[in-house]
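1. Okay, structure incoming, though there's no sequence with it:
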Ligand SMILES: [Zn+2]
Ligand SMILES: [Zn+2]
C-alpha cells in the first residue's frame, strides 16, 4: 500500500481530481446497479429515475469528490496521519470508525430533525417515503458536506490504519445502499438473530423514512435503543 500512497503524493492535482471523481462515480453506479439487482429490477439503472434525481445525485458525487480531495490534502499536509501496517489495528480501527461514525451521524441526524435545519437541510432526503437506491445520494449539498466534515474530523483526531479505513468505507456504502432499497432482502428470522438485531437493516432505515421521529442511526440501532428513539416496525 505504501508505494500507492507515495505515488498519490507525486501526482498532479488534475490527475487526483480525475481519480477521485471516477472513484465516486463508480461507487454511485455500483450502488444503483447492485440496489436495482437486489430489488429484482436489474437493468433499470437509468430509466426509473427523473432528470432532477440524476442532477442531485451527480452533484452529491461531485461534493463527495471535494471531500475526498480535502482528505487527501489534509493527509499530504500532515494533518491526517494514516498507518499502513498489517496488524490487528485493521480490525479495531474499522470497528472504531463504524461505531464512532454511527454515533456522530446519529447526533447530526437527530439535530437536523429537531431544529430549523430540517426544512433547510434534510427535507429533500425525506421526499422519499419509500426510498429507492438513488435516494442515498438525494441529499442537500450542505448535508453532504456536513457528513463529509464529520468523517474528516474523525480522521483528524485519530490516527487510522489505511486497510481499516477501506473496510469501513466499503461497509458505509453497503449500509447506505441497503437502507434505501425500499424492501427488506433479509428473511424476518435472520433479522432477529442476535447479531443482526442491532444492525441498521433495510427495514430499520426504511422505517425512518416513514416515521421520521424514530430510527436516526445508520449502521446500528444501538444509539436509538440507548437514547430511546428506536422502533422496530
Ligand atoms: Zn435515507
Ligand atoms: Zn432523516
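-> Perfect, I can see it now. Note that the structure is predicted; figures quoted are calculated from it, not measured. Residues are numbered from 1 along each chain as shown. Ligands and ions are numbered 1, 2, ... in the order given.
2. From here on, just use CA atoms for contacts and neighbour counts.
-> Fine.
3. For stretch 149-160, which outside residues touch it?
-> 67, 71, 79-83, 93, 101, 104-105 (C-alpha atoms under 8 Å, 6 or more residues apart in numbering).
4. Just the buried residues of it, please?
-> For stretch 149-160, burial by neighbour count (16 or more other C-alpha atoms under 10 Å) applies to 151-152, 154-156, 160.
5. Closest to residue 212 out of those?
-> residue 151 (23.8 Å; C-alpha to C-alpha).
6. Helix or strand next in line after whatever helix or strand the closest one lives in, which one?
-> Assigned by DSSP states H and E, residue 151 belongs to helix 141-157. Using DSSP H and E, the helix or strand that follows helix 141-157 in sequence is strand 160-161.
7. Let me know the distance separating the spatially closest residue to residue 2 that is not a sequence neighbour from residue 159.
-> Closest residue to residue 2 apart from its sequence neighbours, by C-alpha to C-alpha, 6 or more residues apart in numbering: residue 84 at 6.7 Å. Residue 84 is 11 Å from residue 159, where distance means C-alpha to C-alpha, to the nearest Å.
8. now residue 165
-> On the measure of C-alpha to C-alpha, residue 165 and residue 159 end up 10 Å apart.
9. ditto for residue 4
-> 19 Å.
10. Check the residue nearest to residue 111 when sequence neighbours are not counted and give its pLDDT.
-> Nearest residue to residue 111 in three dimensions, chain neighbours excluded: residue 117, at 7.8 Å (C-alpha to C-alpha, 6+ apart). Model confidence at residue 117, given as pLDDT, is 96.
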